[in-house]
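J.: Test case, fold it:
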Amino acid sequence: MNVTQERVEKIRLFSERGREIEDEYSQQPISPTAIQDYNRKLDETLRELQDHVKRQEDALQKLRASRPIELPRPDMGSQERLSQVRRAKKAYDSLLRTDPELPAPDSPLPVLLALRETSRLLDESKASVSTIAEKLSADRQRLKVEEGNLRDAQMITGGLEERIERLRNERSEKEEKAPSQLANELIREQQSKNEELDRAAAELKDALDRFIDEHLASMLAAEDLGGPTVGDVLEVSDTILDAGYTLHGKPKKPKSTQTGRDPTQQRIDVLVQRQAGQGEDRNAPTNKREAAAAEMHTLLGRLLEAGSSYIDLPCDSAASRFLVKAKIAQFHPRDARRLRLIDFGRTIGD
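T.: Okay, here's the model as predicted:
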């Protein structure tokens, strides 16, 4: 909706005049006589409008009764059309020469019409403000998105320019160096990468060993003994492993001889025995948790040495089942006693 500045100024002046009149009315309340006079003027104006409408309707009925209205027809000739246009022009000219019937100067009709027009403009302005507010909110959101895209584009452009400049510098440096010097630099760079990969692999191996010894071994031992599957129970003590599990997978009650000893004291005794060199093998597992850890270490070592080839499993164990569930290894399609690591560059079925 387009509203001219002139119309806005008129509305503003009208609002100011209305506010002034309201202030005057608040200071000098309207008397009952003034209200009766105003209502009387409204009634007179309404009667005048009704009489005017009635006169116009009577004139129209007389015009229709005296002469039928000739509407343009497709079969009318040019002369008939021209005469009809001339008659219409003559009628309009006669209307232009007559004075329009306007309300009296003291009639409340102009004020009512102005109020109705003002109310209409206010309603349209409120609707326009609501629409503009919604559009403004959407435009702000779009501006934020576009600003984010601009920042990303600037960062990408900066990174590409830095990369291009670095490649140009490397190219100029390579052109200035001899082939033997470039070859030595490539060899040193590759050796540095290999050493870094070896260090990272050693760190990963140590972390994996700690995870197996501290967390996974007890769960593997529990599954081998008929207990919960790996991951169902995260903490399984050595006492529960020594007691075993029932046919229903529930822990057995520890024996009285075992409950009488402190588990911490048992581990201290085992450590002292190892340090003293008692027994045939100082690294031999002393409990079921350590046996499960040793089995997992051995199995992973064999798989890593075999690479993509299959290895033969001496028996089904929780360690091999866990590796398959974790999608680290897979059984042979036709022989479940053979296992190999999954080639992560290919699908499982290859």
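J.: When you work out contacts or count neighbours from here on, use the C-alpha atoms and nothing else.
T.: Fine.
J.: Would you mark the buried spots in stretch 38-50?
T.: Applying a neighbour-count criterion of 16 or more other CA atoms under 10 Å, one finds 41-42, 45 buried in stretch 38-50.
J.: Check what pLDDT Lys252 gets.
T.: Lys252 is assigned 78 on the pLDDT scale.
J.: what's the distance between it and Thr239?
T.: 10 Å (CA to CA, to the nearest Å).
J.: out of those two, which sits in the more crowded spot?
T.: Neighbour totals were compared for Lys252 and Thr239, and Thr239 leads with 18 against 15 (other CA atoms under 10 Å).
J.: top helix in this protein by residue count?
T.: In the chain, with assignment by DSSP state H, the single longest helix is helix 109-176.
J.: phi, psi of Ala178?
T.: phi -80, psi 160 (degrees, to the nearest 10).
J.: will you turn the buried residues of stretch 38-50 into TSV that also has distance to Arg17 and pLDDT?
T.: Listed next are the buried residues of stretch 38-50 as TSV, based on distance: CA to CA, whole Å; pLDDT from 0 to 100:
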residue	distance to Arg17	pLDDT
Lys41	22	80
Leu42	21	81
Thr45	23	81
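J.: so, if you compare those, which one comes nearest to Glu223?
T.: Relative to Glu223, the closest of those is Leu42; by CA to CA it sits at 98.7 Å.
J.: Shouldn't that closest one be within a helix?
T.: Yes: judged by DSSP: H, G, I helix; E, B strand; the rest coil, Leu42 forms part of a helix.
J.: Next one: the closest residue to it other than its chain neighbours from Arg337, what distance?
T.: Computed as CA to CA, 6 or more residues apart in numbering, the closest residue to Leu42 that is not its neighbour in sequence is Pro108, at 6.7 Å. Distance, Pro108 to Arg337, by CA to CA: 106 Å.
J.: okay, which residue is most central for the protein?
T.: Val145 (12.7 Å; CA atoms, centre = their mean).
J.: Tell me how far that residue lies from Arg151.
T.: In terms of CA to CA, Val145 sits 10 Å off from Arg151.
J.: Go through the buried residues of stretch 38-50 and name the one nearest Asp206.
T.: Taking those together and measuring to Asp206 by CA to CA, the closest member is Leu42, at 99.9 Å.
J.: so who does that closest one touch?
T.: Listed by CA atoms under 8 Å, 6 or more residues apart in numbering, the contact set of Leu42 reads 107-109.
J.: Using PyMOL, define a selection of the buried residues within those residues.
T.: In PyMOL, this line selects whichever of the contacts of Leu42 come out buried by 16+ other CA under 10 Å:
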select buried, resi 108+109
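J.: nearest to Ser66, of the contacts of Leu42?
T.: Nearest member of the contacts of Leu42 to Ser66, counting by CA to CA, is Leu109, at 34.4 Å.
J.: Verify the stated contact: the closest one with Thr45.
T.: Yes: here Leu109 lies in contact with Thr45, judged by CA atoms under 8 Å, at a distance of 7.1 Å.
J.: ok so, going back, compute the distance from the centre of the next helix or strand after the longest helix of the chain to the centre of its chain.
T.: Of the helices and strands lying after helix 109-176 in sequence (DSSP states H and E), the nearest is helix 179-211. Helix 179-211 has its C-alpha centroid displaced from the chain centroid by 41 Å (CA atoms, centre = their mean, to the nearest Å).
J.: Kindly report the same for stretch 313-323.
T.: 44 Å.
J.: got the contact list for it?
T.: 220-221, 223-224, 230, 292, 295-296, 299, 329-330, 337-339.
J.: Just the CA trace of stretch 197-214, in PDB.
T.: Presented in PDB, the C-alpha positions along stretch 197-214 are these (Å, rounded to 0.1, in the frame of the first residue of the first chain):
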ATOM      1  CA  LEU A 197      53.400 -43.200  12.300                       C
ATOM      2  CA  ASP A 198      55.500 -45.700  14.400                       C
ATOM      3  CA  ARG A 199      55.200 -43.500  17.500                       C
ATOM      4  CA  ALA A 200      51.400 -43.100  17.000                       C
ATOM      5  CA  ALA A 201      51.000 -46.900  16.400                       C
ATOM      6  CA  ALA A 202      53.000 -47.600  19.600                       C
ATOM      7  CA  GLU A 203      50.900 -45.200  21.600                       C
ATOM      8  CA  LEU A 204      47.700 -46.800  20.200                       C
ATOM      9  CA  LYS A 205      49.100 -50.300  21.000                       C
ATOM     10  CA  ASP A 206      49.800 -49.200  24.600                       C
ATOM     11  CA  ALA A 207      46.300 -47.700  25.000                       C
ATOM     12  CA  LEU A 208      44.700 -50.800  23.600                       C
ATOM     13  CA  ASP A 209      46.700 -53.000  26.000                       C
ATOM     14  CA  ARG A 210      45.700 -50.900  29.000                       C
ATOM     15  CA  PHE A 211      42.100 -51.100  27.900                       C
ATOM     16  CA  ILE A 212      42.200 -54.800  27.600                       C
ATOM     17  CA  ASP A 213      44.000 -55.300  31.000                       C
ATOM     18  CA  GLU A 214      41.900 -52.800  32.900                       C
END
